[in-house]
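Q: this is the structure alone, sequence omitted:
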């Protein structure tokens, strides 16, 4: 993981190798509900940069009906207020999305963080590297508050660290910092959030294994941290412990980071990616990396992008989903296990509003609120009640009225239009949020405590 304020964009940062194929295409599901409705004006849950009175950076959130809400601004006392003096449609509790029920859900290999309606954020799951920012390294099986953060407008978490953007445009990071991914100019770990240097106009954040990136109010992007694969996009492979500009990018609407590559959606609907590309995850037709942004082939009307372990996916304005990169487990959804260096159409998904690329599986939400998943299903992360891999999408059982989806290392989560968060798949570190550690769940269940 944008980005989507409620983009359950679970950034997959698993370091295990891709497993061989062997998935089988599912039979046609004649009983699956039909998706209805006209394409929305914007992607529900997506955020668009805006400026508050006085010039402070903030965001507008796309409502469930596809229209943009008011610019969410902080009043003099620091509370949320829209341009008309209201309360941004928030009730001070729960999660919110555009029309009052939204969240920013971001996940990595086995950790999830969520932005609440009142501007606080909570995380659960693996915490061995301090990704939950509660001052400990204890696994958490229920949502646990990030210490000291308020006014959060976006949050992202990686395998080793996490970051958040506040309403005042500052970015705060925590966790492992030995590659400079905290952004404070130091190469040390941080148990609680600290501000990233030189970032005071951010509207969105993305986190990889060892790097972090933000979109600035102007549409420019900056990144910091490890840069071995060019994932900072500055044209070098040099590590930077403070923010550096991504070359040639001035109009980003969303940004997402995989473990070692980064992608963004431009204002003209084109997708650009940079960093590691050995599996074709940059989508420019080559199995090679790039230290500067390259354009993904053939996409001119993207509304969202998501980055996984070795693959990437995007939603087109007309509803289809396209994926590219590694495909050993069918995570591209085209009915094969052939890697693709350019986008390929996901079979049977033609009215999508959101997509999540995980480690070796992917999921998409359709306009009717259905969630479909495909690829590796070892831990039940496709949500169809089985553990059989799928080369094409299957409906996640019991996940209806969804507005966003996130995919991690062997698990998935969806945000429903009433603010409920549902998760399924691996629960090795309590990432399903059910209050226990261990025991996979091949069908969805609600996360408590948000």
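A: Thanks, I have the structure now. Please read all numbers here as calculations on a predicted model, not as lab measurements.

Q: and stretch 111-128, what's buried?
A: 111-127 (16 or more other CB atoms under 10 Å). Using the backbone N, CA and C atoms, a C-beta is placed for each residue, glycine as well.

Q: tell me where the stretch 151-300 of the chain has strands.
A: For the stretch 151-300 of the chain, strands defined by DSSP state E, counting those that start in this stretch occupy the ranges 152-157, 161-166, 171-175, 190-195, 202-207, 211-216, 221-225, 240-245, 252-257, 261-266, 271-275, 290-295.

Q: make a markdown table from these and add mean neighbour count, mean pLDDT and distance to residue 334 to it.
A: Shown next, in a markdown table, are the strands of the stretch 151-300 of the chain (neighbours: other CB atoms under 10 Å; pLDDT from 0 to 100; distance: least, CB to CB, whole Å):
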| stretch | mean neighbour count | mean pLDDT | distance to residue 334 |
| --- | --- | --- | --- |
| strand 152-157 | 30 | 93 | 28 |
| strand 161-166 | 29 | 96 | 33 |
| strand 171-175 | 28 | 97 | 35 |
| strand 190-195 | 17 | 96 | 40 |
| strand 202-207 | 30 | 96 | 26 |
| strand 211-216 | 30 | 98 | 28 |
| strand 221-225 | 29 | 98 | 30 |
| strand 240-245 | 20 | 98 | 35 |
| strand 252-257 | 29 | 96 | 21 |
| strand 261-266 | 28 | 98 | 19 |
| strand 271-275 | 29 | 98 | 18 |
| strand 290-295 | 20 | 98 | 21 |
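
Q: so which of those strands is nearest residue 432?
A: Closest to residue 432 of the strands of the stretch 151-300 of the chain is strand 152-157 (CB to CB; 15.7 Å).

Q: direction included, what does that closest one pair up with?
A: Its sheet considered, strand 152-157 pairs with strand 161-166 (antiparallel) by DSSP bridges.

Q: pLDDT below threshold where in this protein?
A: 1-104, 107-108 (pLDDT under 70).

Q: now do 80
A: By pLDDT under 80, the weakly predicted segments of the chain are 1-109.

Q: tell me which residues touch residue 219, please.
A: Going by CB atoms under 8 Å, 6 or more residues apart in numbering, residue 219 touches 49, 249-253, 267.

Q: gap between it and residue 269?
A: 14 Å (CB to CB, to the nearest Å).

Q: what about the strands in the stretch 301-450 of the chain?
A: Using DSSP E, counting those that start in this stretch, strands in the stretch 301-450 of the chain cover 302-307, 311-316, 321-325, 340-345, 352-357, 361-366, 371-375, 390-395, 402-407, 411-416, 421-425, 441-446.

Q: with distance to residue 207 added, can I get these in a markdown table?
A: A markdown table is the format used below for the strands of the stretch 301-450 of the chain (distance: least, CB to CB, whole Å):
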| stretch | distance to residue 207 |
| --- | --- |
| strand 302-307 | 11 |
| strand 311-316 | 16 |
| strand 321-325 | 19 |
| strand 340-345 | 24 |
| strand 352-357 | 15 |
| strand 361-366 | 19 |
| strand 371-375 | 22 |
| strand 390-395 | 27 |
| strand 402-407 | 13 |
| strand 411-416 | 17 |
| strand 421-425 | 19 |
| strand 441-446 | 25 |
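
Q: let me have the ones you listed in TSV, extended by distance to residue 259 and mean neighbour count.
A: Supplementary listing: the strands of the stretch 301-450 of the chain in TSV, determined by distance: least, CB to CB, whole Å; neighbours: other CB atoms under 10 Å:
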stretch	distance to residue 259	mean neighbour count
strand 302-307	9	30
strand 311-316	11	29
strand 321-325	12	31
strand 340-345	18	20
strand 352-357	11	32
strand 361-366	15	32
strand 371-375	17	31
strand 390-395	23	23
strand 402-407	14	32
strand 411-416	17	30
strand 421-425	19	28
strand 441-446	25	18
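
Q: these two touch, right, residue 354 and residue 365?
A: Yes. Between residue 354 and residue 365 there is a contact at 4.3 Å, judged by CB atoms under 8 Å.

Q: which residues are in contact with both of the two?
A: 403-405.

Q: closest to residue 376 among those residues?
A: Closest to residue 376, out of all of the shared contacts of residue 354 and residue 365 and judged by CB to CB, is residue 405, at 15.8 Å.

Q: before we move on, back to that, any idea which of the strands of the stretch 301-450 of the chain gets closest to residue 239?
A: Taking the strands of the stretch 301-450 of the chain one by one with CB to CB, strand 302-307 is closest: 20.4 Å.

Q: I'd say residue 190 and residue 130 touch.
A: Yes. Proximity of residue 190 to residue 130 meets the contact threshold set by CB under 8 Å, at 7.5 Å.

Q: give me the common contacts of these two.
A: 174-175.

Q: so which of the strands of the stretch 301-450 of the chain is nearest residue 160?
A: Nearest of the strands of the stretch 301-450 of the chain (CB to CB): strand 302-307, 16.2 Å.

Q: rewinding a little: could you dump the shared contacts of residue 354 and residue 365 to CSV with distance to residue 172?
A: Putting those into CSV (distance: CB to CB, whole Å) gives the following:
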residue, distance to residue 172
403, 26
404, 23
405, 26
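
Q: once you drop chain neighbours, what's closest to residue 342?
A: residue 297 (4.5 Å; CB to CB, 6 or more residues apart in numbering).

Q: contacts only, for residue 160.
A: Neighbours of residue 160 in contact, by CB under 8 Å, 6+ apart: 13, 129, 131, 175-176, 181, 209-210.

Q: now, which of these sits nearest residue 223?
A: After measuring these against residue 223 - CB to CB - the closest member comes out as residue 181, at 9.6 Å.

Q: grab the nearest non-local neighbour of residue 347.
A: Per CB to CB, 6+ apart, closest to residue 347 is residue 392, 4.4 Å.

Q: quick revisit: can you add distance to residue 398 and give the strands of the stretch 151-300 of the chain back as JSON lines?
A: Listed next are the strands of the stretch 151-300 of the chain as JSON lines, based on distance: least, CB to CB, whole Å:
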{"stretch": "strand 152-157", "distance to residue 398": "25"}
{"stretch": "strand 161-166", "distance to residue 398": "29"}
{"stretch": "strand 171-175", "distance to residue 398": "33"}
{"stretch": "strand 190-195", "distance to residue 398": "35"}
{"stretch": "strand 202-207", "distance to residue 398": "30"}
{"stretch": "strand 211-216", "distance to residue 398": "34"}
{"stretch": "strand 221-225", "distance to residue 398": "37"}
{"stretch": "strand 240-245", "distance to residue 398": "42"}
{"stretch": "strand 252-257", "distance to residue 398": "27"}
{"stretch": "strand 261-266", "distance to residue 398": "30"}
{"stretch": "strand 271-275", "distance to residue 398": "32"}
{"stretch": "strand 290-295", "distance to residue 398": "39"}
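
Q: out of those strands, flag the one nearest residue 440.
A: strand 152-157 (21.0 Å).

Q: which ones are touching the closest residue to residue 277 other than its chain neighbours?
A: Excluding the flanking residues, the one nearest residue 277 by CB to CB, 6+ apart is residue 289, at 4.1 Å. Contacts for residue 289 (CB under 8 Å, 6+ apart) come out as 229-230, 261, 274-278, 282.
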